[in-house]
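Chemist: Got a sequence here, can you build the structure:
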Amino acid sequence: MDPITTVEGRAYPLGRKNVDTDVIIPAHYLKTITRAGLGRGAFETIRAEPGNVFDDPAYAGAPILIAGDNFGCGSSREHAAWALGDMGVKAVIAPSFSDIFSGNAFKNGIVTVVLPQEAVDRLLEVAKDHPITVDLESRTVTTPFQDRFVFEIDPFRRDCLMQGLDEIGLTLARDGAISAYEARIAGERPWLAAKAG
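Modeler: Below is the predicted model of the structure:
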């Protein structure tokens, strides 16, 4: 996972409430065994609508998505986070998220920013023509118009995102302590370390 300190650029001004994981990535894409290519199927039903934000060249490759309340509700498919990541989305801003989606997003290096509806409404307006910046270090979302919205984020998640540490990375970071523990236990309880013969 790549470290994230700042996400800056255009933002998809989606703004819809209750966008569930089946809308983010429909079930017929769940047969894949790889994450690559899921972005092409993301928001398939919305992309079928004329003039949708996902096919607007002005937002192509946008690293930020601005959504409505309860984003990521529905089933617990991790493919939703994979699809967003494959699209290049690094941060999602909304008034609220499904807990499972928020956890899956974190595990896949996507920042979920919870802001009040008034702030989201302002960002939706700015996003139509201007970039937005999400700064994990200062825990702020800013615009070129001096808007500054402070958000809360779990300190552990923030630290992991800024260091680029997923669950495997966290374990590897403790390799020395784990090896020392295993060596100590092997000396104290050699029968645990004995190999079956």
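Chemist: Gln117: what's it in contact with?
Modeler: By CB atoms under 8 Å, 6 or more residues apart in numbering, the contact list for Gln117 reads 69, 95. Where C-beta positions appear, they are placed from N, C-alpha and C, glycine not excepted.
Chemist: where does the protein have its least confident helix or strand?
Modeler: The helix or strand of the chain with the lowest confidence, counting by mean pLDDT, DSSP states H and E, is helix 190-193 at a mean of 80.
Chemist: Which strands or helices does that one pack on?
Modeler: Under the contact criterion of 3 or more CB pairs under 8 Å, 6 or more residues apart in numbering; DSSP states H and E, helix 190-193 touches helix 175-188.
Chemist: What is the helix it packs on packed up against?
Modeler: Packed next to helix 175-188, using 3+ CB pairs under 8 Å, 6+ apart, are helix 190-193.
Chemist: So what touches the helix it packs on?
Modeler: 182, 185-186.
Chemist: Equivalent analysis for stretch 145-163, please.
Modeler: So stretch 145-163 is in contact with 3-5, 106, 109, 111, 113-115, 119, 122-123, 126, 130, 136-137, 139-142, 165-166, 169-170, going by CB under 8 Å, 6+ apart.
Chemist: So among the residues you listed, which ones count as buried?
Modeler: Among the contacts of stretch 145-163, those scoring as buried are 4, 106, 109, 111, 113-115, 119, 122-123, 126, 136, 141-142, 165 (criterion: 16 or more other CB atoms under 10 Å).
Chemist: Which of those residues fall in strands?
Modeler: Using DSSP state E, 111, 113-114, 141-142 are the members of these that sit in strands.
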